[in-house]
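*Asks:* have a look; sequence and predicted model below, questions after that.
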There are 4 protein chains.
Amino acid sequence: MKPPLFSSREFKQSDTEICVKNVKFGGKRIVIIAGPCTVVDKQELFETASQISKSKAAMLRGGAFKTRTSPRDFQGLGSTALKLLHEASRAYNLPIVTEITDFRDVDLIEKYADMIQIGARNMQNTALLKAVGESKLPVLLKRGFGNTVSELLSAADYILAQGNKNVVLCERGIRSFENSTRFSLDILAIPVIKTMSHLPLIVDPSHAAGNRGLVISASKAAIAAGADGLLIEVTSHPDTALVDGDQTLTTDQFQSLMEQLEVLIPAIGREV
Amino acid sequence: MKPPLFSSREFKQSDTEICVKNVKFGGKRIVIIAGPCTVVDKQELFETASQISKSKAAMLRGGAFKTRTSPRDFQGLGSTALKLLHEASRAYNLPIVTEITDFRDVDLIEKYADMIQIGARNMQNTALLKAVGESKLPVLLKRGFGNTVSELLSAADYILAQGNKNVVLCERGIRSFENSTRFSLDILAIPVIKTMSHLPLIVDPSHAAGNRGLVISASKAAIAAGADGLLIEVTSHPDTALVDGDQTLTTDQFQSLMEQLEVLIPAIGREV
Amino acid sequence: MKPPLFSSREFKQSDTEICVKNVKFGGKRIVIIAGPCTVVDKQELFETASQISKSKAAMLRGGAFKTRTSPRDFQGLGSTALKLLHEASRAYNLPIVTEITDFRDVDLIEKYADMIQIGARNMQNTALLKAVGESKLPVLLKRGFGNTVSELLSAADYILAQGNKNVVLCERGIRSFENSTRFSLDILAIPVIKTMSHLPLIVDPSHAAGNRGLVISASKAAIAAGADGLLIEVTSHPDTALVDGDQTLTTDQFQSLMEQLEVLIPAIGREV
Amino acid sequence: MKPPLFSSREFKQSDTEICVKNVKFGGKRIVIIAGPCTVVDKQELFETASQISKSKAAMLRGGAFKTRTSPRDFQGLGSTALKLLHEASRAYNLPIVTEITDFRDVDLIEKYADMIQIGARNMQNTALLKAVGESKLPVLLKRGFGNTVSELLSAADYILAQGNKNVVLCERGIRSFENSTRFSLDILAIPVIKTMSHLPLIVDPSHAAGNRGLVISASKAAIAAGADGLLIEVTSHPDTALVDGDQTLTTDQFQSLMEQLEVLIPAIGREV
């Protein structure tokens, strides 16, 4: 018989809490991470960071390296973006999470960010999983859109097995035949994963929906279903976004979402 | 250019409210329908009806005719079940919704029930849709597990086109590759349908989940996402259910769900 | 333990052969059924029947009653179409298969056609399955696009259990996330069904592909995978088709397909 | 307007032929690649290579580095396996294709193998795609099981854009709701890809089926649909396979498949 996965409740029964600086995932408090899909402009980043900070987001997200479907799509500003994120982090006291696409960038990301994200398209890139498993930074591991819940937990094990115990899982929508939304947010995966695993779990409603009109509903549903947090695309400049503009909330819409969550979250027994 | 569907917002902009006796779908109040999957026993039905009535369910559900995958599966008690439902309805003041599988049963169902349900497997059974379109009873139309949102609205049009304007839609999970749950509850379909259609929309978390442990999370998520109500399998005798026992809440679990919803529903601006 | 399904190899080990007049399904010979999606015009029907007869099709298909997604889509000419099919059948010596959508039409279809088709959208319409189970005509049962192979065999059992032993199965594509084709033809279902069931199995490449350019490849693949026949949309008037025009072969394209099959079929040990 | 993808017919109209030593992909001749899923034993590898060579396979496949779902699954013998493959290649005059999972292994694989394979789980690992794009070896790029045809062509562009013009595509099954097979072989993707792209396309029926009983049917269907070759798991020691034993043909079964293909391939106008 195989021993239980490190990510499983069989291996560790109690909920794991993971700290990214002063932010704790998996506790009573819901963690909201917000920011632009991709960092393209200092002014946009700082304005967005300033606004989401006022709206009580806990962390700032922003892409420096992007895994895009086509090589002709914009691939991110790289280290320039990392430095801007770092500056914004200090200016607004928001820890940073940013995506890694090449394991040679681990050192660079460790220098500027507080949490490393593995994107959906790299969920089974085992070389990358092992590399972040050796990093000292906590990892945000997104579920692949073609992967099962069970495969997500196995992917987490590639990281945990290297000694990095700080893995936060993220549901971000799977592929189905339904074509009115970009992906199908697998809401039942939230209670399923919470039953199977002790790791914290957040939800990315922006990529699942692909349409900003749906993000507020999806966010509230995710929290009501038991998610420990949200990863939301927000920008102060929605019309000039180079990547995924359609699904990015404006800072005003984000403010409205946060106001709704401030009522909803206590009603399900959690804290803002 | 095709004229807009009768079920679409293009045809009718304002939300439609549909009354089943004293119960109104599509208003501010959330409608909870509960009861056993299939009526098999008078004592079970009455005990369940009594308990859900105390827990403030608005309507009683119960199967008399079932569309089962195999002809050897139990197909329901037919008119005997309808009469029991009718008695329970009067005893506990709960309007009844029950499924139709053969259009020759319309008259019989009109005699005993208050709302006719079209099951997922019959969503594109156009002869049945037309028949209930000629009934005086309101219709609960469930989305097929292999059908798109757009096809659900077209199916509603088969009913609306016959003159029956009282159609309530129901999302109950779709098929995807994920196999940890019986179906994937399409939570994004809730805001999508509310945008596309003026008809009320409820959610069946029981069939989607296929597992009672997930039903409470799914119910809360559906309400948070904007559903107008829930259709939940509940029984006082969970261990003797002939059909779908694994996904049926006990009356105690239902009571606990209702207590949670009593806190959640006001927090999203609706009424219990 | 449940007894085996009537459709299963456990119930009957040897291949079942089913005759529709002089045409035998499930033997060494491959059965090609061709014709327009829907009968709309006598001249088109007779020209098409004449051409496919010359190209050695074994049977003529044509829709009189259609299950359409929307009530505003053309629903077929009904009994007028049945009479035209009957005439064409006698003129060109081609047995007829036509779809049933309402069980009140069984007698009418028995009068004019030689085989009754249950469409994909009605695969789990149990009232209709039972009704054709009482008919004397052989049944062509199409797999629902949201249904598993196992559910197809259970649906066949609704017919077989009523005493009608003449059921031919039909794979016609399932829904998946891939959007470059209308459906995903489930080619592996062919050997899977042949292993699980003793019933003959044909393939409808036209509805799966949704594009006539793909039909020839799909037809050859289906035969190579072990299908007992094909159901193909063909018309002499492709540009005036009211339904599914994009996926309908011209009679010239059909002639070309038949010439390719005449070489392919012997190479896999079957007969044309 | 975006310029056309390098992999598209818009960019290059005529079929591209790609040579791996004396083996040509994309010409009239069908290329059969066979061998064990993973190299675990010299005797097994040499016996298998000897047998598939006698059965006229054109190339030898064998895993040295494996992308496995869980870190506790066997990950391959690495350079030891590469050396064994190289020896077997020389002994039986069969060029080698082997999978890469970490771009630091490009040099090692270039030393011992003739073609580099990108597995389904790495189809959108852009760092790996770019690295093999700089290699001198031809690349076999497998479609991800959660990826569209269009994404496969974009992934090919990551390689082509780096200057490596020698990319062979491979369909290997996608995820759907059907659970009687491990994946759903997307047979329509074959004519779709041949229409959209000038690159050669082969099919892996073994991983799609997940069951050796289905591999022969799937192989014949793929060739009939227009594939330029097959990638098949074969072993002389089926009962001791550490990975994917259920789907691996025995050398006798492979011999039987090759005999069937020798009749089928000329019947569709290609050469063995």
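*Replies:* Nice, I can see it.

*Asks:* when you work out contacts or count neighbours from here on, use the C-alpha atoms and nothing else.
*Replies:* OK.

*Asks:* what are the phi and psi values for residue A:161?
*Replies:* Residue A:161 adopts backbone torsions of phi -70, psi -20, taken as degrees, to the nearest 10.

*Asks:* can you pull the contacts of whichever residue of chain A sits closest to chain B?
*Replies:* Closest contact between chain A and chain B, by CA to the nearest CA, is at residue A:221 (4.1 Å). Neighbouring residues of residue A:221 by CA atoms under 8 Å, 6 or more residues apart in numbering or on different chains: A:187, B:187, B:220, B:221, B:222, B:223, B:224, B:225.

*Asks:* the closest residue to residue A:126 other than its chain neighbours: neighbour count?
*Replies:* Nearest residue to residue A:126, sequence neighbours excluded (CA to CA, 6 or more residues apart in numbering or on different chains): residue D:67, at 6.5 Å. Residues lying near residue D:67 (other CA atoms under 10 Å in any protein chain shown) number 23.

*Asks:* which pLDDT does the model give residue D:67?
*Replies:* Looking at residue D:67, its pLDDT is 75.

*Asks:* distance of the residue of chain A closest to chain B from residue A:258?
*Replies:* 14 Å (CA to CA, to the nearest Å).

*Asks:* which parts of the stretch 151-272 of chain A sit against chain B?
*Replies:* Contacts of the stretch 151-272 of chain A with chain B, taken as CA under 8 Å from any CA of the partner chain, map to A:175-181, A:184-188, A:191-192, A:209, A:214, A:217-218, A:220-226, A:260, A:263-264, A:267-268.

*Asks:* these in helices, which ones?
*Replies:* A:191-192, A:209, A:214, A:217-218, A:220-225, A:260, A:263-264, A:267 (DSSP state H).

*Asks:* what helix or strand is the residue in the stretch 51-200 of chain A that chain D sits nearest to located in?
*Replies:* In the stretch 51-200 of chain A, no residue comes nearer to chain D than residue A:146, which is 4.1 Å away by CA to the nearest CA. Secondary structure assignment for residue A:146, by DSSP states H and E: no helix or strand.

*Asks:* the residue nearest to residue A:126 contacts residue D:118, correct?
*Replies:* No - judged on CA atoms under 8 Å, residue D:67 makes no contact with residue D:118 at a distance of 10.0 Å.

*Asks:* list residues touching both of these two?
*Replies:* Jointly contacting residue D:67 and residue D:118 under the rule CA under 8 Å, 6+ apart are residue D:101.

*Asks:* right, and residue A:13 touches residue A:198 too?
*Replies:* Yes - if you go by CA under 8 Å, residue A:13 and residue A:198 touch, sitting 6.5 Å apart.

*Asks:* so between these two, which is more surrounded?
*Replies:* residue A:198 (22 against 12).

*Asks:* quick one: residues contacting that one.
*Replies:* Residue A:198 touches A:7, A:8, A:9, A:12, A:13, A:14, A:15, A:16, counting by CA under 8 Å, 6+ apart.

*Asks:* how about the helices of chain A, start to end?
*Replies:* A:42-54, A:79-92, A:106-112, A:126-133, A:149-160, A:189-196, A:205-209, A:212-225, A:251-267.

*Asks:* give me whichever of the ones you listed is most buried.
*Replies:* helix A:205-209 (a mean of 28; mean count of other CA atoms under 10 Å in any protein chain shown).

*Asks:* against which helices or strands is that helix packed?
*Replies:* helix A:212-225, strand A:229-235 (3 or more CA pairs under 8 Å, 6 or more residues apart in numbering or on different chains; DSSP states H and E).

*Asks:* how near is the residue nearest to residue A:45 when sequence neighbours are not counted to residue C:116?
*Replies:* If the residues on either side of it in the chain are set aside, residue A:45 comes closest to residue A:39, at 6.6 Å by CA to CA, 6+ apart. According to CA to CA, residue A:39 stands 61 Å off from residue C:116.

*Asks:* ok, back up a step: if any of the contacts of residue A:198 are buried, put those into a ChimeraX selection.
*Replies:* Filtering the contacts of residue A:198 down to the buried ones (16 or more other CA atoms under 10 Å in any protein chain shown) takes a single ChimeraX command:
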select /A:7,8,9,16
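
*Asks:* nearest to residue D:28, of the contacts of residue A:198?
*Replies:* residue A:7 (50.2 Å; CA to CA).

*Asks:* from what I can see that closest one touches residue A:197, true?
*Replies:* Yes - using CA under 8 Å, residue A:7 is in contact with residue A:197, at 5.6 Å.

*Asks:* show me where pLDDT drops low in chain A?
*Replies:* Counting by pLDDT under 70, chain A has low-confidence residues at A:1, A:240-244.

*Asks:* return the residues of it in contact with chain C.
*Replies:* Residues of chain A lying near chain C (CA under 8 Å from any CA): A:175, A:176, A:177, A:178.

*Asks:* switch the cut-off to 6 Å
*Replies:* Residues of chain A lying close to chain C (CA under 6 Å from any CA of the partner chain) are A:175, A:176, A:177.

*Asks:* wait, isn't the second one in contact with residue B:177?
*Replies:* In this case it means residue A:176. No - applying CA atoms under 6 Å, one finds residue A:176 not in contact with residue B:177, separated by 7.6 Å.

*Asks:* the two: which is more packed in?
*Replies:* Just comparing residue A:176 and residue B:177: by other CA under 10 Å the higher neighbour count belongs to residue A:176, 29 against 24.

*Asks:* mind listing what that one touches?
*Replies:* Residues in contact with residue A:176 (CA atoms under 6 Å, 6 or more residues apart in numbering or on different chains) are B:176, C:177.

*Asks:* still on that earlier bit, closest to residue C:28 out of the ones in helices among the residues of the stretch 151-272 of chain A next to chain B?
*Replies:* residue A:192 (49.3 Å).

*Asks:* centroid residue for chain A?
*Replies:* In chain A, the C-alpha nearest the mean C-alpha coordinate belongs to residue A:231, at 4.5 Å (CA atoms, centre = their mean).

*Asks:* pull the contacting residues for it.
*Replies:* A:33, A:34, A:204.

*Asks:* tell me how many other residues crowd the last one.
*Replies:* By the measure other CA under 10 Å, the count of residues near residue A:204 is 23.

*Asks:* where's it relative to residue D:130, distance?
*Replies:* The gap separating residue A:204 from residue D:130 is 28 Å, by CA to CA.

*Asks:* what number of residues lie near residue A:270?
*Replies:* Residue A:270 - counted by other CA under 10 Å - has 16 other residues nearby.

*Asks:* list the contacts for residue A:63?
*Replies:* The contact partners of residue A:63, taken as CA under 6 Å, 6+ apart, are A:37, A:38, A:39, A:98.

*Asks:* rerun that using 10 Å as the cut-off
*Replies:* By CA atoms under 10 Å, 6 or more residues apart in numbering or on different chains, residue A:63 lies in contact with A:35-40, A:75-78, A:81-82, A:85, A:97-100, A:117, A:243.

*Asks:* give the contact list for the residue nearest to residue A:260 when sequence neighbours are not counted.
*Replies:* Leaving aside its sequence neighbours, residue A:260 sits nearest to residue B:268 (CA to CA, 6+ apart; 7.5 Å). By CA under 10 Å, 6+ apart, residue B:268 lies in contact with A:220, A:260, A:261, A:263, A:264, A:267, B:223, B:224, B:225, B:226.
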